[in-house]
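Visitor: Turn this into a structure:
(one chain, ligands or ions: 1)
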Amino acid sequence: MSNAERGTRNAEDTVEGKPSPQPSPHPIPRSALRLPRSEGRRDPRNRLNDLTGSEWLYFLSSVLTTAYPVNGSESYGHNLRRAHPSPKPPQLMATLIEFFTQRGGRVLDPFAGVGGTLLGCALTERDGVGIDLATGYRDIYHAVCTQENLAPQPFLIGDARAVLSGAADDADPLAAPFDLVLTDPPYGEMLSRPQEGEKRKRTGRADPTPFTDDAADLGNLTRAAFLAALVEIIGLAAARLRPGGHLILFAKDLQPTAEHHNLLHADIVARFAAALPALRFRGLKLWVDQTINLYPFGYPYSFVANQIHQYILIWQKHADPEERRSR
Ligand SMILES: C[S@@+](CC[C@H](N)C(=O)[O-])C[C@H]1O[C@@H](n2cnc3c(N)ncnc32)[C@H](O)[C@@H]1O
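Guide: So this is what the prediction gives:
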């Protein structure tokens, strides 16, 4: 990977590899597709990742603003991946993977789509395993690997509930514990709803665009059923995390209604706190995607926000059962 792909170099580390104050990373340079590299030393106490102090500090910003290319070699097969309603940029996934794992680490994505996480693993020399309901999405991921000359990572087909409940044997790619679960589930029933307003005017289509027409697709469930299924799948995935490993989930809010604030990310954090005691919420980052167009929702009558951000929600599996008991 060239320096241009990896991003520009940030300010120098101190000799000891300790982070020194840095200028705000925003706005990002056009070439900063990944964490900026620096020549500093990695602290020998760092067991989490392979980053130097400056690289670590850069990641700590609560906002990650990106404008990844959607064509050419730096788009990592976006020409094929765009057949999916919401593919994630592999460079974005690579940035998260680089912070929460070391080289050679293991990453699980139970809602793999067309492989944003798995491609992020290939870019960072980690071992990924994906699961998705749709064979067609795995086919697209394989086509991207062929086009980009990358070795495909294991990609299992089925309802993540069934796949993750299956008994693992040695040959099973799920057998060894994972360092990170990195996933991007459906955002409630967002895509399976008929399109409205500006989006409908723009696309000329009112029909919904669900990921699949499978009844097991979380994107086709009501809010209550969605949250229950998400808790079940994340609970099964977290059981395959090593103690101290992290779980990262993307979420996007829906527009508020008179009945509910529709802050889906807050509902997810609250549900996990109640139902998944092995996980401790560690905080969030906002991903701001500058390639998203703005639409004049509500104009000129009322305020309706464009959402150009998503939530990157971060949990950690308790390292020690004692720690959980003493909370
Ligand atoms: C938001 S997309 C993930 C996109 C992915 N991050 C990418 O880069 O392509 C959510 C995915 O979850 C899958 N899915 C929905 N319900 C599922 C289930 N019960 N088990 C496994 N996959 C499921 C859908 O087919 C869809 O591809």
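Visitor: low pLDDT regions in the chain?
Guide: Within the chain, the stretches with pLDDT under 70 are 1-38, 167-170, 189-209, 321-327.
Visitor: Check the gap between E125 and R280 for me.
Guide: For E125, the distance to R280 equals 28 Å [CB to CB, to the nearest Å]. The C-beta positions use only the backbone N, C-alpha and C, and glycine is treated the same way.
Visitor: show me where the stretch 101-250 of the chain has helices.
Guide: 116-124, 135-148, 160-165, 197-203, 223-239 (DSSP state H, counting those that start in this stretch).
Visitor: Would you mark the buried spots in the second one?
Guide: For helix 135-148, the buried set under the neighbour-count rule, 16 or more other CB atoms under 10 Å, comprises Y137, R138, I140, Y141, A143, V144, C145, E148.
Visitor: Equivalent analysis for stretch 103-118, please.
Guide: 105-118.
Visitor: sorry, back to before: so which of the buried residues of helix 135-148 reach the ligand?
Guide: Among these, the residues within reach of the ligand (CB under 6 Å from any ligand atom) are Y137.
Visitor: If you drop the residues flanking it in sequence, what lies closest to the residue in the stretch 201-327 of the chain positioned nearest to the ligand?
Guide: In the stretch 201-327 of the chain, no residue comes nearer to the ligand than F211, which is 3.7 Å away by CB to the nearest ligand atom. In this structure, F211 finds its nearest non-sequential neighbour in G219, 5.0 Å apart by CB to CB, 6 or more residues apart in numbering.
Visitor: can you count the residues close to L156?
Guide: 19 (other CB atoms under 10 Å).
Visitor: Kindly report the same for R271.
Guide: 15.
Visitor: Please, which helix or strand holds it?
Guide: Assessed by DSSP states H and E, R271 sits inside helix 264-275.
Visitor: From the buried residues of helix 135-148, pick the one nearest the ligand.
Guide: The closest of the buried residues of helix 135-148, once distances to the ligand are taken by CB to the nearest ligand atom, is Y137, at 5.2 Å.
Visitor: show me what contacts the closest one?
Guide: Y137 makes contact with H84, A112, G113, V114, G115 under the criterion CB atoms under 8 Å, 6 or more residues apart in numbering.
Visitor: ok, what's across the strand from the closest residue to the second one other than its chain neighbours?
Guide: By that I understand A112. For A112, ignoring the flanking residues on the chain, the nearest one in space by CB to CB, 6+ apart is G130 at 3.0 Å. Using DSSP bridges, the bridge partners assigned to G130 are D109, F155.
Visitor: secondary structure class for F281?
Guide: In three-state terms, and counting by DSSP: H, G, I helix; E, B strand; the rest coil, F281 is strand.
Visitor: can you pull the contacts of it?
Guide: V269, F272, A273, L313, I314, W315.
Visitor: My read is that Q91 contacts V70, right?
Guide: No. Counting by CB atoms under 8 Å, V70 is not a contact partner of Q91; they are 11.8 Å apart.
Visitor: And those two? Which one has more around it.
Guide: Neighbour count, other CB under 10 Å: between Q91 and V70, Q91 has more, with 25 against 14.
Visitor: Look up phi and psi at that one.
Guide: phi -70, psi -40 (degrees, to the nearest 10).
Visitor: I'd like the distance between it and the ligand.
Guide: Distance of Q91 to the ligand, given as CB to the nearest ligand atom, to the nearest Å: 12 Å.
Visitor: Could you measure from that residue over to G188?
Guide: Counting by CB to CB, the gap from Q91 to G188 is 26 Å.
Visitor: Reformat the buried residues of stretch 103-118 as CSV; add distance to the ligand.
Guide: CSV is the format used below for the buried residues of stretch 103-118 (distance: CB to the nearest ligand atom, whole Å):
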residue, distance to the ligand
G105, 18
R106, 18
V107, 12
L108, 12
D109, 7
P110, 6
F111, 3
A112, 6
G113, 2
V114, 4
G115, 6
G116, 3
T117, 6
L118, 8
